[in-house]
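[1] My questions are about this predicted structure, shown below with the sequence.
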Amino acid sequence: MRITNSMLINNMIGYINNNLGRMEKYQYQYATGKKIQVPSDDPVVAARALKLRTDVSEVEQYQRNVDDATSWLELTEDALASIGNILQRARELAVDAANSGVKTPDDLKKIAEEIKQLKSQIVHIGNTTYSGRYIFSGYKTDKKLLNDDGTFAIDVDTGRESIYYEIGIGDDINVNVLGGDLFNDGGDATAGSTGRLIADFDKYIAALESGDFDTVRSMINVLDDDMDTVLRVRADVGARINRLELTSNRLVSDNLNFNKLMSLNEDVDLAEIAIKIKNEENVYRASLAIGARIIMTSLVDFIS
Amino acid sequence: MRGSFFGLNIALTGLYTAQRNLNIVNHNISNANTEGFSRQYAVQSAATPIPMYDGTGMVGTGSEVTGVKRMRDEYLDYKYWSENRTYGEWSVKEELLAELEATFNEPSKSGFTFIFGEFYDALQELSKDPGNQSIKALVRQQGITVAKYFNSLASHFEKLQADVNQRVQIKVDEINSLASQIQELNRQIYISELDGNTANDLRDRRTLLVDKLSQIVNIETNEIVVGKLPNGEDATHFSITISGHTLVDHFTVNKLVVKQRDDSSKLNEEDIPNLYDIYWQDGNSAIIRGGELRGYLDVRDGNDGKVGINGSSASPSYKGIPYYIRKLNEFVRVFAKAFNEGEIVNGDGTVTKLLGHADGYRADSGAGDTTPAGIRFFTMIGNDGNPMSSKDFLSLGGSDIYENITAKHFSVSLDIMEDFNAICTSGAPGELENKDILDSILKMRHNTHMFSEGAPEDFIKSLVTTLGIDSQQAIRYSDIQHTIVSQIESRRMAVSGVSIDEEVTNLVKFQHSYNAAARMITTLAEIYNTLINKMGV
């Protein structure tokens, strides 16, 4: 084939442009650490990158949800522990008061004062708040569960008003303990009525005040039953916290995995790119050098 | 022949021939870098010899140049034209799709995936504390960001469509201008060649113009033989047609004109008004099958072959700007409908009714409220430029009010803009922590029945990937065509290009023959000197 000067020049421009194009791509990859700039660089990588970004952001959100659920449940557990302690104390006092031979009705009245204190403490715990929200009030977290006299201030439907936090796709956890479940032995809370726990205390106080030793003695078993209720709820809360811990661990490893996948998918191997750039640079320099020498000369230079 | 001065004539033809050749070398060197130039060469032959009638043979009468020709392989020109049109089409698509891709801006921290994720994160936070005012404010803000993302995307696309439309007009003007120039050159070439010459430089210029035209639009060229010239050569008429309709025929030219579509003749529902259609001057509609113009039209009108709103003409079966606007509109319509009403239209056309925002009760509702607040979270920007309230939106009418929403006018409703307490999370009145509505909305993120492509994020992901693949295809085709065109160009240059080395060699060659011819004259002069001045004296 016949080769002309403008062919050489056009080809040289073309080759150098190709070199620069590749250098530009590597420069982008090196500067950003990413394989792709726009989806057309590699649509498959782009599609996976979008998916993984969503996955990572979701996992991070679920981690925050798990943390919040945990702190809500831990607060609930503290409240339940306190109620347990109160019941324990009330039971000790009942055992003590039941000694009809030793205690006088006056003694019982003094004990009644302490039990009243314990009852109001339970009412207080029943209105525990978590960042301003009443945790035992079901859906009505803006309203107190119990009135000062221990009657329910609101209706709480135990079958319905559980609050769930999403801690995974299609996975959620109940974070609240319903007032009726705890204070009315698994039943509903009805505004104006008195739950079983409080009613037991009222009965206890009345017995103490009237010096009814038999009833006081019977309270030991009643309080045992009440403690069982609290223990049942506590066990449930404990199991939920336990589940949250497991979920949290899983989410941490999910997060790590997704980030690793994301990195594998779209991050470049810097060492590899560095070598490629070096290689391209050599090619570029060589093509400049050789191009410059070739286009400079023609027969004119040798004819005088 | 024993004519005394005949030798001088022979030497003279030698000088003339050498000089003519030197001029051609000179011309070639001058045009070494002229675009489209083909190197020329002299057709040189021995002049007609004179027979000697005494049986001593024929006497040569020197040399003569009978013509100047250009080195050109016209087959390569035809090849160049047919490949160049495909290159034109794909290079335009490459450029425009890159622009669309940049608008989507994925993957990044400002693309849809990120913004949508932030919106859903805010909803998640709200689900953990539905009464919290500051989180409601955040949800509203993120909702506005999602809406604005679509507004800006759609505006960008419309802007791009207007730009492309402008370029269609520019290209049509270019075609007309090239056609007029070619027609003028046809005249000059025809007249110049009447006496049997070849109009080399004019033909080069015409070929160059056709080169340019071939990139813009699909053309077929023909040199039709119409008769014989006085010298026996064919008389030809040069013509160019676009999809069978004549653009240039010898001395006549048919121009293209653009006409604005009015509202009634819009092709796609998504189109901006007053796009151009291309017609011939004689009123026929112009069919454009290739070249840059086809690229512009495909991207401007391409709606994946969907039949236009006039019901008869189909849009180009290419995924252009209207396609992406249509998909964005589809997204906001379906998503807003699901979000607001909880209605998911399944593949078989049945509707699954879930809880939507409109089924919710306001956080400040009393226990006695028996009907939901009916607030639509997403509505659209009304004609007054402000977001519409749920009430105004519902009174819009139409078989499906959500068909009124477009990506450009997608918006958070006025109710929520004015008061973020209008964000309804509860499925029952007076229950602060009830978040049935919110839970249902949160689950929609993974509802794979919402779109035929899957969940909301899958939809956009598939859209971005489609664009990525189309764009990659355009880049590849454009690269391949560029290589093919360059290769043909290279072959053309191999035939027609000026080689300085060759020309300088010829320069030396013709200089030598000039010198030798001149030397001949000196020698003859000496002979005459001897003959005239010294003989017999």
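    That came through fine. Residues are numbered from 1 along each chain as shown, chains lettered A, B, ... in the order given.

[2] What sits closest to the closest residue to chain A within the stretch 301-450 of chain B if chain neighbours are left out?
    Residue of the stretch 301-450 of chain B nearest chain A, by C-beta to the nearest C-beta: residue B:431 (3.7 Å). (Glycine included, C-beta is placed from N, CA and C.) Spatial nearest neighbour of residue B:431, chain neighbours left out: residue A:139 (3.7 Å); criterion: C-beta to C-beta, 6 or more residues apart in numbering or on different chains.

[3] One more: residue B:112?
    residue B:460 (4.8 Å).

[4] Let me know the distance separating that neighbour from residue A:256.
    According to C-beta to C-beta, to the nearest Å, residue B:460 and residue A:256 sit 27 Å apart.

[5] The two: who's more crowded?
    When residue B:460 and residue A:256 are compared for neighbours, residue B:460 comes out ahead with 23 against 11, by other C-beta atoms under 10 Å in any protein chain shown.

[6] so which strand or helix has the more buried one?
    helix B:456-496 (DSSP states H and E).

[7] Whichever helix or strand comes after that helix and chain A, are they touching?
    Where DSSP H and E defines the elements, the next helix or strand beyond helix B:456-496 is helix B:500-528. Yes - with C-beta under 8 Å from any C-beta of the partner chain as the criterion, chain A is reached by helix B:500-528 at B:500-502, B:504-505, B:508.

[8] Quick one: mean pLDDT for helix B:500-528?
    For helix B:500-528, mean pLDDT is 93.

[9] go on, stretch B:237-257?
    On average, stretch B:237-257 scores 95.

[10] repeat for stretch A:52-69
    Mean pLDDT, stretch A:52-69: 94.

[11] Buried residues of it, list them for me.
    Residues A:52-66, A:68-69 are the ones in stretch A:52-69 that count as buried (16 or more other C-beta atoms under 10 Å in any protein chain shown).

[12] Helices - which of these land there?
    Among these, DSSP state H puts A:52-66, A:68-69 in helices.

[13] Name the residues of the stretch 201-350 of chain B found near chain A, please.
    Within the stretch 201-350 of chain B, no position is near chain A by C-beta under 8 Å from any C-beta.

[14] quick one, strands of the stretch 201-350 of chain B?
    B:220-228, B:234-242, B:245-249, B:252-253, B:256-260, B:276-280, B:343-345 (DSSP state E, counting those that start in this stretch).

[15] and the spatially closest residue to residue B:325 that is not a sequence neighbour, how many neighbours?
    Excluding its sequence neighbours, the residue lying closest to residue B:325 (C-beta to C-beta, 6+ apart) is residue B:270, at 4.1 Å. For residue B:270, the neighbour count with other C-beta under 10 Å is 26.

[16] cool, residue B:285 as well?
    Neighbours around residue B:285, by other C-beta under 10 Å: 12.

[17] Return the distance of it relative to residue B:270.
    Distance from residue B:285 to residue B:270, by C-beta to C-beta: 22 Å.

[18] tell me which element residue A:87 falls in.
    helix A:43-97.

[19] right, and the helix or strand after that helix?
    Counting by DSSP H and E, what follows helix A:43-97 is helix A:105-126.

[20] about what we covered before: please produce a ChimeraX select command covering the buried subset of the residues of helix B:500-528 next to chain A.
    In ChimeraX, a selection of the buried entries from the residues of helix B:500-528 next to chain A looks like this (16+ other C-beta under 10 Å):
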select /B:500,502,504
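
[21] quick revisit: wasn't the residue nearest to residue B:431 part of a strand?
    No - according to DSSP: H, G, I helix; E, B strand; the rest coil, the state of residue A:139 is coil, so it is not within a strand.

[22] mind checking how far it is from residue B:199?
    93 Å.

[23] Looking at the two, which one has more neighbours?
    A direct count of neighbours by other C-beta under 10 Å for residue A:139 and residue B:199 places residue A:139 higher, at 26 against 17.

[24] What backbone torsions are found at the more buried one?
    Dihedral pair for residue A:139: phi -80, psi -20, per degrees, to the nearest 10.

[25] Could you do residue A:142 as well?
    Torsion angles, degrees, to the nearest 10, at residue A:142: phi -90, psi 0.

[26] which residue packs closest to it, ignoring adjacent ones?
    Nearest non-adjacent residue to residue A:142, counting by C-beta to C-beta, 6+ apart: residue B:432, 4.6 Å away.

[27] circling back: please indicate which of the strands of the stretch 201-350 of chain B has the most neighbours on average?
    strand B:245-249 (a mean of 20; mean count of other C-beta atoms under 10 Å in any protein chain shown).

[28] quick one: contacts of it?
    B:175, B:179, B:182-183, B:186, B:219, B:237-241, B:252-254, B:256, B:280, B:284, B:286-287 (C-beta atoms under 8 Å, 6 or more residues apart in numbering or on different chains).

[29] go on, stretch B:47-65?
    B:1, B:6, B:9-14, B:16-17, B:20-21, B:42-46.

[30] can you give me the strands in the stretch 101-250 of chain A?
    Going by DSSP E, counting those that start in this stretch, the stretch 101-250 of chain A shows strands at A:129-130, A:133-134, A:164-168, A:171-174.

[31] Show me which residues of the stretch 351-500 of chain B sit near chain A.
    So far as C-beta under 8 Å from any C-beta goes, the stretch 351-500 of chain B lies against chain A at B:426, B:428, B:430-435, B:439, B:442, B:446, B:457, B:461-462, B:464-465, B:467-472, B:475, B:486, B:489-491, B:493-495, B:497-500.

[32] Filter those down to the buried ones.
    Buried members of these, scored by 16+ other C-beta under 10 Å, are B:426, B:428, B:430-435, B:439, B:442, B:457, B:461-462, B:464-465, B:467-472, B:475, B:489-491, B:493-495, B:497-500.

[33] Quick check on residue B:425: phi, psi?
    Here residue B:425 shows phi and psi, under degrees, to the nearest 10, equal to phi -110, psi -20.

[34] How many residues are close by it?
    Neighbour tally, residue B:425, other C-beta under 10 Å: 26.

[35] can you pull the contacts of it?
    By C-beta under 8 Å, 6+ apart, the residues touching residue B:425 are B:126-127, B:130, B:360, B:363, B:434-435, B:437-438.

[36] ok, now how distant is it from residue B:125?
    From residue B:425 to residue B:125 the distance is 12 Å (C-beta to C-beta).

[37] before we move on, what about residue A:159?
    27 Å.

[38] Pick out whichever of the two has more residues nearby.
    Between residue A:159 and residue B:125, counted using other C-beta under 10 Å, the more crowded position is residue B:125 (21 against 8).

[39] isn't the more buried one right up against residue B:135?
    Yes - contact criterion C-beta atoms under 8 Å: residue B:125 and residue B:135 qualify, at 5.1 Å.

[40] Overlap in contacts, those two.
    By C-beta under 8 Å, 6+ apart, no residue touches both residue B:125 and residue B:135.

[41] tell me which residues of stretch A:141-156 are tucked away?
    Buried residues in stretch A:141-156, counted by 16+ other C-beta under 10 Å: A:141-147, A:150-156.

[42] Using PDB, list the CA coordinates for that stretch.
    C-alpha atoms of stretch A:141-156 as PDB (Å, rounded to 0.1, in the frame of the first residue of the first chain):
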ATOM      1  CA  THR A 141     -47.900   6.900  74.600                       C
ATOM      2  CA  ASP A 142     -48.900  10.500  75.100                       C
ATOM      3  CA  LYS A 143     -51.200   9.500  77.900                       C
ATOM      4  CA  LYS A 144     -50.500   8.200  81.400                       C
ATOM      5  CA  LEU A 145     -51.500   4.500  82.000                       C
ATOM      6  CA  LEU A 146     -52.500   4.900  85.600                       C
ATOM      7  CA  ASN A 147     -54.300   7.500  87.700                       C
ATOM      8  CA  ASP A 148     -52.800   8.400  91.000                       C
ATOM      9  CA  ASP A 149     -55.300   6.100  92.800                       C
ATOM     10  CA  GLY A 150     -54.000   3.200  90.600                       C
ATOM     11  CA  THR A 151     -57.100   2.900  88.300                       C
ATOM     12  CA  PHE A 152     -56.400   2.700  84.600                       C
ATOM     13  CA  ALA A 153     -56.500   6.200  83.000                       C
ATOM     14  CA  ILE A 154     -56.900   4.800  79.400                       C
ATOM     15  CA  ASP A 155     -58.000   1.800  77.500                       C
ATOM     16  CA  VAL A 156     -55.200  -0.400  76.300                       C
END
